[in-house]
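In: From the sequence below, what's the structure:
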Amino acid sequence: MKEKDMYKPLKKYLQAQGYEVHSEVEDIDVMARRDDEILIVEMKTAFNLQLIYQLAERLKITEHVYAYVPLGKRGRWPKSYKRMCGILKRLNCGLITLDSKTRKQVVVEFEPGPFQGRKNYAKRKLAVREFEGRSIDLNAAGSTKEILFTSYKEKAIRIAMYLFENGPSSTKDIREGLDIDRTGDILYRNHMRWFDRVSHGVYQLSPEFEFFRLEHAEKIEQLWR
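Out: Model prediction:
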């Protein structure tokens, strides 16, 4: 679908609401007026950053600013659509959609208006817990292909290094020696496959950790020293 294919159904819809409509007014995709009310619509075949720039500029002209995009095959519920709605609401912009199948059904999903957001306290709690659980900053911001050192992995490394230096040990001895919560859970679940159970409550290192230790020796030294 091209942007020009989206214009005709939008114009018909706005005219039915009593607006006079013109396209390509200065740099504006669609401008409509009803009495003293000015309404601006920016069209895109897909939600992108350029659309955000344009909407922010149009807010200097009027508070009645809308993004106008076609709905894809997956409709209104993909994660990308929800994120798009969240950004538009934070900009105090509205959203108009066009059914990409019929190319006729125009829907105002929501109007421009003050944003009333709610904090996600569950995510905040998780982020704070992860932050507080790290003892050292071993990650480089912006890296995408490097192993991420989380607070959980820090604890697993410390447990593994304890076993590296002390040999097979009981869960109790490790917990008391390192004062790490969830020691038993980390050993039992063994997500990294670094631990082998020798007997009930007693663990030793698996060869998997030796490969990891040699590959990340510098960072492990920072954490263990």
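In: what phi and what psi does the backbone show at Arg33?
Out: phi -140, psi 140 (degrees, to the nearest 10).
In: Who are the contact partners of it?
Out: Residues counted as contacts of Arg33 (CB atoms under 8 Å, 6 or more residues apart in numbering) are Tyr19, Glu20, Leu39. Using the backbone N, CA and C atoms, a C-beta is placed for each residue, glycine as well.
In: Look up how far Leu39 lies from it.
Out: 7 Å (CB to CB, to the nearest Å).
In: list residues touching both of the two?
Out: Tyr19.
In: And the strands in the protein, which stretches?
Out: 20-25, 28-34, 37-43, 65-71, 94-99, 106-110, 169-170, 195-199, 202-205 (DSSP state E).
In: picking that back up, kindly write the ChimeraX command that selects the buried subset of the contacts of Arg33.
Out: Remark: buried members of the contacts of Arg33, expressed as a ChimeraX selection using 16 or more other CB atoms under 10 Å:
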select :19,39
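In: would TSV of the contacts of Arg33 with distance to Glu215 and pLDDT be doable?
Out: Listed next are these as TSV, based on distance: CB to CB, whole Å; pLDDT from 0 to 100:
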residue	distance to Glu215	pLDDT
Tyr19	64	95
Glu20	67	96
Leu39	59	95
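In: okay, now Leu95: neighbour count?
Out: 20 (other CB atoms under 10 Å).
In: longest helix anywhere in this protein?
Out: Counting residues, the longest helix found in the chain (DSSP state H) is helix 151-166.
In: List the buried residues in that one.
Out: Buried, per 16+ other CB under 10 Å, within helix 151-166: 152-164.
In: if we look at the lowest-mean-pLDDT helix or strand in the chain, which residues are touching it?
Out: Lowest on mean pLDDT, DSSP states H and E among the helices and strands of the chain sits helix 79-90, with a mean of 88. For helix 79-90, the surrounding residues in contact (CB under 8 Å, 6+ apart) are 47, 52, 55, 67, 69, 74-75, 94-95, 109-110, 115, 117.
In: how far out from the middle of the chain is it?
Out: Its chain's C-alpha centre and that of helix 79-90 lie 11 Å apart, by CA atoms, centre = their mean, to the nearest Å.
In: What residues of that helix count as buried?
Out: Tyr81, Met84, Cys85, Leu88, Lys89.
In: Ok, stretch 29-39 next?
Out: Counting neighbours by 16+ other CB under 10 Å, stretch 29-39 gives Asp29, Val30, Met31, Ala32, Ile38, Leu39 as buried.
In: Over to stretch 178-196?
Out: Ile180, Thr183, Ile186, Leu187, Asn190, Met192, Trp194, Phe195, Asp196.
In: cool, stretch 36-50 as well?
Out: Ile38, Leu39, Ile40, Val41, Glu42, Met43, Lys44, Phe47.
In: Check stretch 63-76 too.
Out: Buried residues in stretch 63-76 (16+ other CB under 10 Å): His64, Val65, Tyr66, Ala67, Tyr68, Val69, Pro70, Leu71.
In: Lovely, talk soon.
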